[in-house]
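[1] Give me a 3D structure for the following:
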Amino acid sequence: MVEAERRAVALVAALKRARKAVQDGAVSAVPTTLALARQEAARVRDTLDGAIGAWRYDVAAAFEGQAYLNELAEAAAAQGVTLVQRDGRVTAFPVALRLDVRGQGVRIGNRLEKRIRPGVLAASLKQMQLRPQRFNARAFLDRLFSLYEPKARAEDPAWRPRLPGQGPLVPLADLHEQLTLLPAAASDYPLEEFTADLLRLDRVPDATTSSGYRFELGGSTGRKGGKRLTMFDETGAQHDYYAIRYILDPSDGRSDNQAPAAR
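    Below you'll find the model as predicted:
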């Protein structure tokens with residue numbers, strides 16, 4: 001491609017000489033300069049034909065096996081990005097990556113990245129990690145609570161959301177399923193992104209809902225419905241999430257009627 005660019009520069013220069021000859025009325029020079037321009041155009045064509053013939057990159061073959069991912073992991077490490085490959089998943093917090101042969105690129109979350117040279121892609125992942133994260137813990141907790149309450153009532157009929165105390169644990173996978181009942185919603189908010197938001201929430205342990213409920217992430221795979229949601233952070237450390245409960249602390253002298261209204 002470098003040679004093609006060099007030839008193209010020579011072609012532009014030859015055309016400029018031909019144009020100047022025409023503009024100056026240098027009649028004898030016009031045929032010569034145009035002939036030289038044609039020669040340069042032929043050289044450009046020949047060089048491009050050679051480049052096209054030499055270009056051979058089989059994306060399917062490159063993505064098959066571990067070769068490409070190993071190159072990407074090495075390039076990512078050079079950028080200070082930890083690429084985690086585990087259980088058939090590839091992540092670079094806060095996004096999941098998927099090799100897309102049909103799309104001839106790498107899917108980063110929902111976005112298809114066509115620039116698949118490992119060094120270029122690794123630099124892009126680094127920029128994503130450096131970008132300020134826009135996460136509103138309170139809004140996230142409020143959104144989950146609206147789905148948590150009916151499931152918590154079913155889990156523990158004795159629980160009363162307006163009274164101080166802790167609610168039952170509700171599987172987070174169930175809440176994500178409720179968030180993404182429509183196919184379009186599931187595409188817009190995949191499980192990996194939801195789990196990344198859980199890690200962000202976990203980093204704000206003092207966050208509360210707009211009504212003052214605290215939260216607790218807990219549970220285990222031993223309880224019914226306790227599907228594990230796993231996210232690897234920037235260092236590659238593993239974080240597992242199973243369930244969430246909401247907690248309403250005593251109201252410091254207020255009556256129960258002054259506590260957050262029941263929903």
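[2] As a check, name the ranges of all helices in this protein.
    Taking DSSP state H as the criterion, the chain carries its helices at 2-24, 29-54, 59-63, 67-78, 118-130, 137-155, 172-179, 183-188, 191-202.
[3] Distance from the chain centre to the fourth one, please.
    What it means is helix 67-78. Relative to the mean C-alpha coordinate of its chain, helix 67-78 is positioned 17 Å out (C-alpha atoms, centre = their mean, to the nearest Å).
[4] which parts of it are buried?
    Residues of helix 67-78 classed as buried by neighbour count (16 or more other C-beta atoms under 10 Å): 68, 69, 71, 72, 73, 75, 76. Any C-beta I mention is one placed from the backbone N, CA and C, and that applies to glycine too.
[5] What is it packed up against?
    helix 118-130 (3 or more C-beta pairs under 8 Å, 6 or more residues apart in numbering; DSSP states H and E).
[6] Okay, now stretch 86-99: how far is its last residue from its first?
    14 Å (C-alpha to C-alpha, to the nearest Å).
[7] for that stretch, which positions count as buried?
    Neighbour count says stretch 86-99 has 90, 91, 92, 93, 94, 95, 96, 97, 99 buried, by 16+ other C-beta under 10 Å.
[8] Model confidence for residue 22, exactly?
    Residue 22 carries a pLDDT value of 87.
[9] Leaving out chain neighbours, which residue sits closest to it?
    Distances taken as C-beta to C-beta, 6 or more residues apart in numbering put residue 30 closest to residue 22, at 5.8 Å, once the chain neighbours are dropped.
[10] Could you chop the chain up by domain?
    2-54, 59-130, 137-258 (automatic domain parsing).
[11] that older thread, least reliable of the helices of the chain going by mean pLDDT?
    Comparing mean pLDDT across those, the lowest value falls on helix 183-188: a mean of 63.
[12] Who's the closest spatial neighbour of residue 133, skipping the chain neighbours?
    With sequence-adjacent residues excluded and distances taken as C-beta to C-beta, 6+ apart, residue 133 is closest to residue 200, at 6.7 Å.
[13] Kindly provide the distance from the one you found to residue 97.
    19 Å (C-beta to C-beta, to the nearest Å).
[14] what does residue 119 give?
    15 Å.
[15] what does residue 206 give?
    From residue 206 to residue 97 the distance is 32 Å (C-beta to C-beta).
[16] where does the stretch 151-263 of the chain have low pLDDT?
    182-187, 219-226, 252-263 (pLDDT under 70).
[17] can you pull the buried residues of stretch 126-136?
    126, 128, 129.
[18] okay, the helices of the chain in TSV with distance to residue 228 next?
    Formatted as TSV, the helices of the chain follow (distance: least, C-beta to C-beta, whole Å):
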stretch	distance to residue 228
helix 2-24	51
helix 29-54	49
helix 59-63	28
helix 67-78	23
helix 118-130	24
helix 137-155	18
helix 172-179	9
helix 183-188	19
helix 191-202	10
